[in-house]
Each structure stands twice: as C-alpha cells, then as structure tokens.
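Student: sequence and predicted model, in that order:
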Amino acid sequence: MSGDEPHLVPLPEQLRRLGASEDVLALVTAEHGTWRELHDRLIGLIAALLDLACRDRPVADVIDDLIGSAAVPLDRLVGAGVDAGEVAALLRAHGSVGTATTDAATGDVEFRHACGTGQRYWRDVPDAATVAEGEVPGVPGGRPRYCARCVRAIAAHGGGAWTVSPPADTVEPCVWRVRG
C-alpha cells in the first residue's frame, strides 16, 4: 500500500501500520465487528427478499427493477465516473480482502478479492438460490442471485469501464476490473 494506489488493506491493518495505539485498534476492531454483524444480517435479508420477489417474476426483471428504483443509486456511492480508488474504498467498506494490481501500461486496475458481501453470504449459505445459465444477462449460471444483483448493478453503472467476473465457487476470488 503506497500513496494513492488503490488497495484492499482493511482499516485496522492500515491503522496498525501507522502505529495506532492498542486502544484505538481495539475500538476500531470492535466497531467493525458490530458493523459486520449488521451488514451480514442485511445481506441475508436482501437475499431472502430477492428470493421472494423471484417467485412470480424472472430474476433478471427483479434485478433490473431494483437497480432502477434504488433509493440510493450506485452513482451516489461511487461517482458517476468510475474511479479505481472509489471502487477500492467500496470494496474495503464491504469487508472484501485481496489484492489490487495496476497495469502500468494501461492504468487498468484488477481487484482479486474474497468478496465481503455476496461471496461471504454464499459461503455461509451454500444452498443459496442461484441463477441458471442465460437467466440474467452477463451472469454465469450457478451464481447466487445476490451476486447476480451485484454484477448487473455494476454493469449498469460502469458501462464497460467497471466489470465483475464472479467466481465459480466460494474459494476462488471475485475479480473486479476498472479501466484506467
């Protein structure tokens, strides 16, 4: 981690590297644990609501409606232009851990990470409902509906400048790419 390079170093580790006191580290770690519990509960709720909404409607239609009617659109979380630093911050905020590699020639950034949201849910709920091949445009079959929602939201926002390649299982990293 150096300067303004995109990274996926969790906040407690950043503070540790800066020499924060043990009291500060303990406080930040405890607060992050509380946040993680709330976050994971919300992800479970969102996944359950997706499943309910998909009982009578195609998954792709439900996801498109969610993207179009979100009270806080992705553009408010990550700027209208796709910036690798903002994407890295979004991943860190969601507990994703992994690597960020910048291609010196193109400026493209590739994030390979253990997703802190959809993939974490998939690990915790291995029988989560998945999409069939071709059911949701751009999403490989066998991926959880929650992951399909993520892939489609980023595709709608990124317009090809920000892409997601979801893993085939819960072990392989999720790969996000941001064009430089």
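Tutor: Sure thing, it's come through.
Student: lowest-confidence helix or strand of this structure?
Tutor: Within the chain, no helix or strand scores below helix 74-77, which has a mean of 58 by mean pLDDT, DSSP states H and E.
Student: in the helix or strand following it, what's buried?
Tutor: Later in the chain than helix 74-77, the nearest helix or strand by DSSP states H and E is helix 84-93. Under the neighbour-count criterion of 16 or more other Cβ atoms under 10 Å, helix 84-93 has 84-92 buried. Heads up, the C-betas are built off the backbone N, CA and C, glycines and all.
Student: so how far is helix 84-93 off the chain centroid?
Tutor: Relative to the chain's own centre, helix 84-93 is displaced by 9 Å; criterion: Cα atoms, centre = their mean, to the nearest Å.
Student: run the angle between the helix or strand following it and helix 84-93 for me.
Tutor: Counting by DSSP H and E, the next helix or strand C-terminal to helix 84-93 is strand 97-102. With axes from the mean of the first three to the mean of the last three Cα atoms, to 10 degrees applied, the angle from strand 97-102 to helix 84-93 works out at 170 degrees.
Student: what packs against the longest helix seen in the chain?
Tutor: With secondary structure taken from DSSP state H, the chain has its longest helix at helix 22-53. Applying 3 or more Cβ pairs under 8 Å, 6 or more residues apart in numbering; DSSP states H and E, one finds that helix 22-53 contacts helix 11-17, helix 59-69, helix 118-124, helix 145-158.
Student: can we see that at 6 Å?
Tutor: Here helix 22-53 touches helix 11-17, going by 3 or more Cβ pairs under 6 Å, 6 or more residues apart in numbering; DSSP states H and E.
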